[in-house]
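[1] Provided below are the primary sequence and the corresponding predicted coordinates.
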Amino acid sequence: MTNMTRRRFLKGTGITAGAFACSSFSPLSLAELNERGGGVLTAGRMGPLLCDVQDGRLVSSKNALAQTMPNSLQLTGPDQVYTKARVKYPMVRKGFLSNPSSPQGVRGSDEFVRVSWEKAYKLIHEQHMRIRKQYGPAAVFAGSYGWRSSGVLHKAQTLLQRYMSMAGGYSGHLGDYSTGAAQVIMPHVMGSIEVYEQQTTYPVILESSEVVVLWGLNPVNTLKIAWSSTDCAGLEFFHQLKQSGKTIIAIDPIRSETIEFFGENAQWIAPHPMTDVAMMLGIAHTLVKKGKHDKAFLEKYTTGFEPFEAYLMGKEDGIEKSSQWASDICGVSAEQLELLADIFIQNRTMLMSGWGMQRQQYGEQRHWMIATLAAMLGQIGLPGGGFGLSYHYSNGGNPTRNAGVLPAISASLGGGSSAGNDWAISGAMQSFPVARIVEALENPGKMYIHNGHELKFPNIKMIWWAGGANFTHHQDTNRLIKAWQKPELIVISEPYWTAAAKHADVVLPITTSFERNDLTMTGDYSNQHLVPMKKVVEPEGESRNDFDVFADMSELLAPGGHDVYTEGKTEMEWLYGFYTAAQQGGRSARVAMPNFSKFWQDNELIEMKWNEKNAKFVRHAAFREDPVLNPLGTPSGKIEIYSKTIEGYNLKDCPPHPTWLAPDEYTGNAKDGELQLMTAHAAHRLHSQFNYATIRGQYAIADREPIWIHPDDAMVRDIKTGDLVRAFNQRGQVLVGAEVTDRIKQGSVCIHEGAWPDFDKQSGICKNGGCNVLTLDVPSSRLANGCAANSALVRIEKYTGEVPALTAFDPPMIS
Ligand SMILES: Nc1nc2c(c(=O)[nH]1)N[C@H]1C(S)=C(S)[C@@H](COP(=O)(O)OP(=O)(O)OC[C@H]3O[C@@H](n4cnc5c(=O)[nH]c(N)nc54)[C@H](O)[C@@H]3O)O[C@H]1N2
Ligand SMILES: Nc1nc2c(c(=O)[nH]1)N[C@H]1C(S)=C(S)[C@@H](COP(=O)(O)OP(=O)(O)OC[C@H]3O[C@@H](n4cnc5c(=O)[nH]c(N)nc54)[C@H](O)[C@@H]3O)O[C@H]1N2
Ligand SMILES: [Mo]
């Protein structure tokens with residue numbers, strides 16, 4: 001950690017980067033793209049890609065856009081298609097096949113048997129109909145959360161739900177794993193979710209911010225991808241931010257790839273994980289004590305500062321949240337917290353925050369407190385000031401272009417079907433918060449509280465997952481495995497033998513995005529490009545598109561079902577329709593786009609038009625200008641530092657104003673020898689995707705997933721870099737490779753999320769370091785029921801036993 005001094009700070013402040021005029025912020029051009037030469041143009045989450053094909057085989061994939069920052073994920077194309085982990089044929093668990101309505105054996109232990117597609121369809125259909133008839137539609141869970149591949153047609157989850165809607169409805173999910181806590185609390189505070197919204201733009205930050213605070217975000221990793229497909233502008237922005245000479249302060253228990261990237265240009269401050277609210281309270285207290293908080297702003301634009309101030313000053317509970325109080329909890333000195341208060345208030349300061357800190361127990365409090373601190377600084381709605389929750393994700397500060405925007409296939413049926421549309425369509429019924437799935441499986445019919453409502457868990461008897469890896473993404477894997485035995489049928493549609501596939505009854509082999517045609521926009525907010533996602537190679541084995549699988553399954557629902565599902569259109573006819581709609585939209589935005597056949601033949605993406613007005617967008621500027629005419633969507637129309645709505649919910653785990661709540665498992669209550677486990681997102685994976693890829697060689701240690709350990713914590717345990725380590729707690733144990741590094745706060749370790757669970761049958765240890773074997777499966781709170789994956793204490797020791805072979809990427813036994 002850099003020892004921060006006032007002099008060092010002030011050296012940097014005040015240098016604004018006049019050179020970064022808005023219009024100069026356009027890192028890519030079509031000419032540059034064309035210079036990149038040949039190859040088939042397609043796209044993935046990691047951006048538009050040019051693919052080289054030789055003798056019908058994909059041999060390389062690379063970025064189709066000019067860019068300064070490298071993106072390792074773009075190179076994974078050939079591995080994605082040809083890995084030994086591919087599922088090539090439909091497969092059925094042996095104990096299930098022998099008696100489908102009353103299966104034998106245990107999921108995850110049985111061998112698999114290869115069957116024909118027709119046999120697989122029939123098996124699923126018969127059991128699906130039996131279960132639906134016996135228990136009703138809510139017994140069928142088709143929430144199917146996950147980061148399936150990009151594209152507006154081949155959307156696995158939507159396609160599954162489209163089929164389930166035709167079948168008579170299903171149980172779905174609410175929210176997501178990413179921002180479960182934030183997206184429920186922020187509407188109470190700011191009137192909008194904030195996490196998936198256009199931010200004050202990157203050009204405005206470069207122009208106007210003096211201090212940029214990276215509060216728990218790692219954009220150099222997380223901007224390698226976007227939900228649609230990355231436009232690559234975010235990485236370019238952080239590159240330019242580094243050149244700008246602005247003061248950059250990074251607050252993170254890990255010296256992340258981003259902090260390494262900024263090097264001398266950033267100050268690193270490392271609090272203990274999960275203690276940010278205390279840290280921010282210490283800064284807020286300093287502001288109040290010195291009388292420096294912006295009282296006029298608080299008066300005009302917020303409600304409830306008074307009760308919050310009473311809490312801050314100890315009038316509510318007798319404890320003053322002073323810088324010293326905060327320091328004792330967060331492990332950053334009181335002097336540094338006071339200095340931060342000074343710097344924030346004296347400069348145009350943008351508080352950027354990532355989401356790792358809200359993916360924790362009491363995660364709601366983190367972003368509520370950031371908004372409160374920003375309100376006390378009085379800069380919300382000013383160019384380059386305030387706070388932003390999506391600078392690190394999907395290029396949230398890239399200005400929205402004048403664009404023709406693609407529509408996408410939906411879970412409900414559109415009109416115009418050749419077979420008529422007189423099907424009784426039912427969508428999701430009885431949806432529950434996505435990260436509460438194990439609680440739901442364990443407690444069918446139980447009532448629970450969510451965002452002030454009383455809801456009931458469904459009685460799940462069948463699960464079909466398409467496009468998600470829930471055995472890696474969900475917490476407390478061993479608890480999940482137990483609950484996973486309860487349903488009567490589990491179907492997994494997957495290109496790969498993931499742990500979930502190995503624990504299924506029926507596994508259907510699905511194409512990768514390189515094996516089918518699709519379309520995508522780039523930049524979830526910018527719509528900077530429209531890209532043809534061309535089929536690059538023929539499908540491996542007997543893999544099929546999700547679209548075709550569900551169309552075929554629909555025919556079994558009733559004759560003619562296939563054409564109702566497809567609306568009588570082929571893959572290319574759907575793409576033609578989407579493109580033509582975008583073209584029409586483009587016309588009204590004055591963007592000329594060629595006709596579809598020319599566009600498709602040209603093998604070129606379309607870059608949409610820069611919009612100077614959008615480039616100057618400042619979040620909440622309208623509210624600041626006139627809070628009466630442009631109120632926020634909160635009950636008071638103002639920023640709610642105290643929420644009467646939440647007061648009315650009367651929740652112990654989510655009080656009515658930002659509050660420091662000590663988590664169940666964190667450094668502050670760790671017993672001797674226990675360490676706090678962090679599970680940040682990995683540089684060279686998208687969650688579990690590409691864990692099998694060649695690039696794993698760059699980060700694996702002793703052929704295992706790495707665990708980052710501070711030198712002091714390693715020394716007392718006699719652990720050195722390269723050693724095998726057993727990390728364990730009451731929930732499970734994993735085998736990992738030690739990376740001893742001062743890049744992590746002493747007292748914490750990190751195993752990045754996304755390694756595929758791979759259990760040793762004898763000892764039960766996870767041989768591939770799946771971090772969720774160790775994490776706690778609790779809701780963030782009963783307000784949001786968000787994922788709390790970053791909550792766990794663990795112990796570690798040098799592993800001296802026999803070393804079990806890694807089998808994570810091998811197919812299961814097939815007889
Ligand atoms: N401990 C811990 N756990 C976490 C997190 C954390 O920070 N810490 N983060 C959480 C977050 S934010 C998220 S979003 C989740 C991510 O969880 P997921 O989104 O489930 O993770 P992915 O590995 O991206 O899973 C996508 C799966 O879809 C498959 N797939 C890809 N394309 C297709 C397709 O076209 N069709 C079909 N049928 N399948 C396809 C891939 O092979 C892969 O198995 O993890 C969560 N879990
Ligand atoms: N390469 C790559 N990019 C991705 C993904 C991926 O898997 N791989 N996943 C995508 C998805 S679905 C999502 S949701 C986003 C995730 O985006 P985030 O949730 O923001 O990512 P994380 O890596 O979980 O956390 C960001 C940073 O917060 C820090 N952090 C964790 N806990 C704390 C804390 O208590 N306090 C503070 N101050 N810092 C903390 C971590 O060390 C990390 O550096 O990324 C997206 N981008
Ligand atoms: Mo996520």
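    That came through fine. Ligands and ions are numbered 1, 2, ... in the order given.

[2] which parts of the stretch 251-400 of the chain sit against ligand 2?
    Contacts of the stretch 251-400 of the chain with ligand 2, taken as CB under 6 Å from any ligand atom, map to 251-254, 256, 271, 273-274, 276, 354-357, 359, 392-393. The way it works is simple: take the backbone N, C-alpha and C, and place the C-beta from them, glycine included.

[3] Equivalent analysis for the stretch 51-200 of the chain, please.
    Checking the stretch 51-200 of the chain against ligand 2 by CB under 6 Å from any ligand atom, the hits are S178.

[4] pLDDT wise, what is C22 at?
    On pLDDT, C22 comes in at 38.

[5] pull the CA atoms of stretch 463-477 into PDB?
    This file holds the C-alpha atoms of stretch 463-477, laid out as PDB (Å, rounded to 0.1, in the frame of the first residue of the first chain):
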ATOM      1  CA  ILE A 463     -35.200 -27.500 -13.700                       C
ATOM      2  CA  TRP A 464     -34.000 -26.700 -17.200                       C
ATOM      3  CA  TRP A 465     -30.900 -24.500 -17.400                       C
ATOM      4  CA  ALA A 466     -29.700 -23.100 -20.700                       C
ATOM      5  CA  GLY A 467     -26.900 -20.500 -20.800                       C
ATOM      6  CA  GLY A 468     -25.800 -20.400 -17.100                       C
ATOM      7  CA  ALA A 469     -23.200 -22.200 -15.000                       C
ATOM      8  CA  ASN A 470     -25.000 -22.400 -11.600                       C
ATOM      9  CA  PHE A 471     -22.600 -24.900 -10.100                       C
ATOM     10  CA  THR A 472     -19.900 -22.300 -10.300                       C
ATOM     11  CA  HIS A 473     -21.900 -19.200  -9.800                       C
ATOM     12  CA  HIS A 474     -23.900 -20.200  -6.700                       C
ATOM     13  CA  GLN A 475     -22.600 -20.000  -3.100                       C
ATOM     14  CA  ASP A 476     -22.000 -22.900  -0.800                       C
ATOM     15  CA  THR A 477     -21.600 -25.600  -3.400                       C
END
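
[6] is ligand 1 contacted by that stretch?
    Yes: for stretch 463-477 and ligand 1, the contact criterion (CB under 6 Å from any ligand atom) is met by 466-470, 472-473.

[7] what do you get for stretch 383-403?
    No: applying CB under 6 Å from any ligand atom, one finds stretch 383-403 separated from ligand 1 by no less than 10.0 Å.

[8] Report the distance from that stretch to the chain centre.
    Distance of stretch 383-403 from the chain centroid (CA atoms, centre = their mean, to the nearest Å) equals 17 Å.

[9] Distance across it, terminal residue to terminal residue?
    25 Å (CA to CA, to the nearest Å).

[10] all helices of the stretch 601-750 of the chain, in order?
    For the stretch 601-750 of the chain, applying DSSP state H, counting those that start in this stretch gives helices covering 612-615, 621-625, 644-649, 696-699, 711-715.

[11] sorry, back to before: quick check: the farthest pair among the residues of the stretch 251-400 of the chain next to ligand 2?
    P271 and Y393 (21.7 Å; CB to CB).

[12] Take the residues of the stretch 251-400 of the chain next to ligand 2 and keep only those in strands.
    When DSSP state E is applied, those are split such that I251 fall in strands.

[13] For the stretch 701-815 of the chain, which residues are neighbours of ligand 1?
    Residues of the stretch 701-815 of the chain lying near ligand 1 (CB under 6 Å from any ligand atom): 753, 771-772, 775, 787, 789.
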